[in-house]
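J.: Structure for the following, please:
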Amino acid sequence: MSKIKVAIQGTRASFHEEAAFKYFGQEIETVECETFKHTCEALKKNEADYVVMAIENSIAGSLLPNYTLLHDYHFPIVGEVYLSIQLHLLALPGVKLDQIRNVESHPIALRQCADYLEEHPLFKITEGMDTASCAKKIAENKLTDTAAVANQLAAKLYGLDVIERRIETNKKNYTRFLILSKEKTENPKANKATLLFQTDNSIGSLARVLTFFSEEQINMSKIQSMPVVGKRNEYDFYVDIEWKKQNNYDAAIRKTLKHTINFNILGEYIKNDKI
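T.: Purely as a prediction, here's the structure:
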């Protein structure tokens, strides 16, 4: 039986692969992609069965370019997974902290460790493509004066030691990832959905739509607006909603359809916010 192929942005042992393991289990084949767009292309060309795509971080906020990819590719969202982002300082076995002169990682990871890095002003900080690729570079080139900021999975895969643990500034740091598929699947246990729509520019048009959700006991967990390309004062609204009773959800959708433009359900899936 062939393994499920999951496209991720970045290198093996990145947080995207860790999220893929958390959602699908360890028995998967990871398809490494340089960019998020490349992950969507891999799915489009049947080089992958699923995409794991970060959509928001509790510190850095929404990954806005990825909302554009959701819009452009319209791949169904079939699930979500939350991952606690724990960042460590990794180096070759035997290397001590006082030997480190260079620290490399993804720019967001470096920002999330700003307080720790400021305590070590002699470190030369370099931005890399992703956390895991920086760890891989150290291992492959036997760099004894360089450390990477990455996760425990990268330390294990590339044979590095953790010389400083949990160096992220905010310990309540998590990222939400979406699971994308090429085919829409019906899930009778679905209790969360991501909607995409526009409203007209009349006064209260968006507020009216949002009221439909509260009337039907629907919890709106997130709303994200993105400008419609080439149109002034027009926006796409991406809305995450959650429900307990299917009939409430169905009623809310019927109402929303009548008062929105270009309405789409990007995915119906099971809420999965356990860290």
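J.: Helices of the chain, residue ranges please.
T.: With DSSP state H as the criterion, the chain has helices at 15-24, 36-44, 64-73, 107-112, 114-118, 131-141, 152-158, 205-215, 246-258.
J.: Against which helices or strands is the fifth one packed?
T.: Under the contact criterion of 3 or more Cβ pairs under 8 Å, 6 or more residues apart in numbering; DSSP states H and E, the helices and strands touching helix 114-118 comprise an empty set. All C-beta atoms are positioned from the backbone trio N, CA, C, and that covers glycine.
J.: How far away from the center of its chain is that helix?
T.: Centre-to-centre, helix 114-118 and its host chain are 24 Å apart (Cα atoms, centre = their mean, to the nearest Å).
J.: What residues of it count as buried?
T.: Residues 116, 117 are the ones in helix 114-118 that count as buried (16 or more other Cβ atoms under 10 Å).
J.: List the contacts of the residue nearest the centre of the chain.
T.: Nearest residue to the geometric centre of the chain (Cα atoms, centre = their mean): residue 54, 1.1 Å. Shown in contact with residue 54 (Cβ atoms under 8 Å, 6 or more residues apart in numbering): 9, 15, 16, 19, 63, 66, 175, 176, 177.
J.: In the sheet, which residues pair with it? Tell me.
T.: Per DSSP bridges, the residues bridged to residue 54 are residue 177.
J.: so how far is residue 60 from it?
T.: Between residue 54 and residue 60 the computed distance is 10 Å (Cβ to Cβ, to the nearest Å).
J.: cool, and residue 16?
T.: For residue 16, the distance to residue 60 - Cβ to Cβ - is 15 Å.
J.: try residue 98
T.: 31 Å.
J.: same deal with residue 260?
T.: Remark: distance between residue 260 and residue 60 (Cβ to Cβ) = 29 Å.
J.: neighbour count winner among those two?
T.: For residue 260 and residue 60, the more surrounded residue by other Cβ atoms under 10 Å is residue 260, and the numbers stand at 21 against 16.
J.: Ramachandran coordinates for the more buried one?
T.: phi -130, psi 170 (degrees, to the nearest 10).
J.: so residue 185 sits right up against residue 78, yeah?
T.: Yes - under the criterion of Cβ atoms under 8 Å, residue 185 makes contact with residue 78 at 5.8 Å.
J.: Those two: which is more packed in?
T.: Using other Cβ under 10 Å as the criterion, residue 185 and residue 78 rank with residue 78 on top: 20 against 12.
J.: Grab the nearest non-local neighbour of that one.
T.: Closest residue to residue 78 apart from its sequence neighbours, by Cβ to Cβ, 6 or more residues apart in numbering: residue 181 at 4.6 Å.
J.: surely the one you found meets residue 53?
T.: No - assessed by Cβ under 8 Å, residue 181 is found out of contact with residue 53, at 11.5 Å.
J.: higher neighbour count, the two?
T.: residue 53 (25 against 17).
J.: any idea of the pLDDT on that one?
T.: Model confidence at residue 53, given as pLDDT, is 98.
J.: Could you do the one 4 residues further on as well?
T.: In the predicted model, residue 57 carries a pLDDT score of 90.
J.: can you check residue 185 too?
T.: pLDDT, residue 185: 84.
J.: One more: residue 205?
T.: Value listed for residue 205 in the pLDDT field: 93.
J.: you'd agree residue 5 is up against residue 45?
T.: No - assessed by Cβ under 8 Å, residue 5 is found out of contact with residue 45, at 11.4 Å.
J.: okay, those two: which has more neighbours?
T.: The neighbour comparison of residue 5 against residue 45 (other Cβ under 10 Å) goes to residue 5, with 16 against 9.
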